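Enquirer: any chance you could fold what I've pasted below:
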Amino acid sequence: MYPQGPLAWTLPIQEHILHEQERHWVLNIARQLAFLADFIPADLLIHCYVGADQFVTVAEAKPTVRQSFYRRSQIGQRFTPEQSSAIWRAQQSGQLAVGEVGKVVNGQPMSHVAYPLQGEHGVAAILVVERNLYEELKHSESKRQLYRLAITRVVKTLIEKAKSSSIALPAILPGDALLLINDQGKIIHASAGALSLARRLGITELIEGLTWSDSFLSGNDFRSVHTNPIFWESELVTPNLTVAVRTIPVTPKDEVIDHVMVLHDITELKQKDRELVIKSTLVKEVHHRVKNNLQTVAGLLRLQQRRSQNAEVKMILNESITRIASIALVHEYLSNDDLEMVDIKELAGNLLSLALQSMLDHTQRISTRLQCSDALTLPSAAATSLALVLNELLQNTIKHAFTGRSEGRVEVRIFEDDERITLEIEDDGIGLPEHFEPDRDGNLGWQIIKTLIRDDLHGELHILRASGTVIRVTLPHPGPPEPSGQHP
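Expert: Model prediction:
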């Protein structure tokens with residue numbers, strides 16, 4: 001639901017620094033740094049003690065809403081803090097430590113708080129929050145106290161929850177609204193973004209002091225979307241806006257603060273989702289109508305075939321009918337699917353059945369086998385071309401490979417690797433003439449095959465002679481399908 005912001009950069013933590021459980025804990029905390037960096041806002045760093053009075057910085061996140069204290073990444077930096085520093089005191093005592101206030105770094109005054117990550121084997125790491133004092137001076141003393149308490153509770157809550165959960169809070173985006181709510185549901189703080197959102201929702205009163213239900217929920221629909229151990233996701237739906245609401249419970253819960261709420265306007269995203277659904281429905285309807293039209297054309301050709309007394313004309317019409325039917329099969333799959341992707345195994349199986357029904361003499365007993373990767377799919381254009389190629393090859397095989405024979409075997413194999421897709425049709429028939437060349441000796445079917453493979457599929461055709469014939473088609477792998485327009 002929420003777009004992901006930049007993650008905190010992390011340095012692999014060596015085994016000799018931390019035990020395995022502590023490493024997972026520290027990495028889980030690092031996943032929350034991007035959120036904290038803009039929630040506070042502050043520079044966030046995690047330091048691990050490596051012995052000889054030295055620490056190494058293993059994770060960091062910089063705020064996007066104000067300038068960072070650091071021009072370069074601190075990841076991997078080793079340093080020896082002064083014995084009186086907050087980092088050293090937190091490491092030695094295992095207690096939260098407040099550093100020197102007003103220290104100037106790159107021209108900006110800093111406040112410095114160190115949170116020890118106390119594990120079973122001692123302090124596993126130190127999480128350091130470095131705030132710009134100018135941010136605090138913008139507010140009254142009561143607001144400063146509230147901010148400090150909210151920051152401390154949120155940080156401590158996330159540190160504790162990181163012991164058992166690796167779920168990361170999505171980063172805060174520009175324009176997101178922040179609310180602090182107490183245990184009575186009353187809004188005790190609203191950011192500038194929250195005030196702006198309230199006005200857009202038609203709330204004319206000052207929302208601080210009002211309850212969440214009496215202000216934002218009044219007359220609007222509020223529904224739960226998802227719940228996890230770190231936060232809850234909901235949607236606030238009004239006649240004009242749709243707002244994603246992320247609720248982060250903190251501990252302890254009391255009359256000062258119970259939870260933090262982040263509100264993100266997703267009205268435009270929802271509108272795009274609705275447009276995509278409409279477009280998808282229209283595309284499926286088009287495929288359905290194309291399939292019906294192709295089947296109508298095939299039906300007309302069958303009527304003409306029945307009326308004709310010329311065996312050659314009957315054969316030509318039958319070949320045309322199977323070509324049209326193979327294209328109609330692709331459109332049938334697309335009319336029933338939400339994606340513009342075709343399951344090749346199912347398509348090949350139906351084409352094989354279609355070829356046997358339309359071409360096989362009732363006196364012949366031809367056994368068939370299909371081998372294909374279960375997860376192989378192709379975009380509609382490539383699937384249509386491949387279907388036509390497979391149809392032509394099957395027609396040629398069934399028509400010519402078993403002349404004068406009552407029994408035979410046809411095997412179709414379709415497999416893939418990272419670079420290519422390979423189609424093979426093998427039979428144990430009489431084989432092609434010794435000096436057969438498709439360009440020189442082939443009929444219309446071979447011309448269609450060569451053109452589709454070269455121009456549409458950008459592949460290659462190989463004819464191998466064994467006990468019968470093996471025809472191999474290779475084409476470049478198109479890669480995984482594009483995302484279907486879903487929003488994270």
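
Enquirer: which parts of the chain are helices?
Expert: Secondary structure of the chain, counting by DSSP state H: helices at 20-30, 33-39, 86-93, 133-137, 141-161, 192-200, 212-215, 267-307, 311-335, 344-359, 380-400, 438-441, 444-451.

Enquirer: out of these, which comes closest to E460?
Expert: E460 lies closest to helix 444-451 among those, at 10.4 Å (Cβ to Cβ). Quick note: C-beta positions are derived from backbone N, CA and C, even for glycine.

Enquirer: what packs against the closest one?
Expert: Using 3 or more Cβ pairs under 8 Å, 6 or more residues apart in numbering; DSSP states H and E as the contact test, the elements touching helix 444-451 are helix 380-400, helix 438-441.

Enquirer: dump the residue contacts of H331.
Expert: Residues near H331 by Cβ atoms under 8 Å, 6 or more residues apart in numbering: H287, H288, V290, K291, L294.

Enquirer: excluding its backbone neighbours, what's nearest it?
Expert: Nearest residue to H331, sequence neighbours excluded (Cβ to Cβ, 6 or more residues apart in numbering): K291, at 4.0 Å.

Enquirer: quick one: low-confidence residue ranges for the stretch 251-400 of the chain.
Expert: 280, 333-334, 336-340, 359, 361-362 (pLDDT under 70).

Enquirer: L217: neighbouring residues, count only.
Expert: Using other Cβ atoms under 10 Å, L217 has 13 neighbouring residues.

Enquirer: can I get the helices and strands packed on helix 444-451 in CSV with distance to C372?
Expert: Converted to CSV, the helices and strands packed on helix 444-451 look like this (distance: least, Cβ to Cβ, whole Å):
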stretch, distance to C372
helix 380-400, 11
helix 438-441, 24
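
Enquirer: for the residue lying closest to L146 once chain neighbours are set aside, give me its contacts.
Expert: Residue nearest to L146 in three dimensions, not counting chain neighbours: H189, with 6.1 Å by Cβ to Cβ, 6+ apart. Contact analysis of H189 by Cβ under 8 Å, 6+ apart lists K143, L146, Y147, A150, L178, L179, L180, E208.

Enquirer: try 10 Å
Expert: Neighbouring residues of H189 by Cβ atoms under 10 Å, 6 or more residues apart in numbering: 139, 143, 146-147, 150, 178-182, 207-208, 257, 260.

Enquirer: among these, which ones are buried?
Expert: Among the contacts of H189, those classed as buried by 16 or more other Cβ atoms under 10 Å are L146, Y147, A150, L178, L179, L180, I181, N182, I207, I257, V260.

Enquirer: hang on, the earlier thing: between the contacts of H331, which sits nearest I471?
Expert: Among those, and counting by Cβ to Cβ, the member closest to I471 is L294, at 26.1 Å.

Enquirer: what about that closest one, how many neighbours?
Expert: The burial count for L294: 20, using other Cβ under 10 Å.

Enquirer: ok, the nearest residue to it once chain neighbours are set aside - how many residues close by?
Expert: Nearest residue to L294 in three dimensions, chain neighbours excluded: A328, at 4.0 Å (Cβ to Cβ, 6+ apart). Neighbour count of A328, defined by other Cβ under 10 Å: 21.
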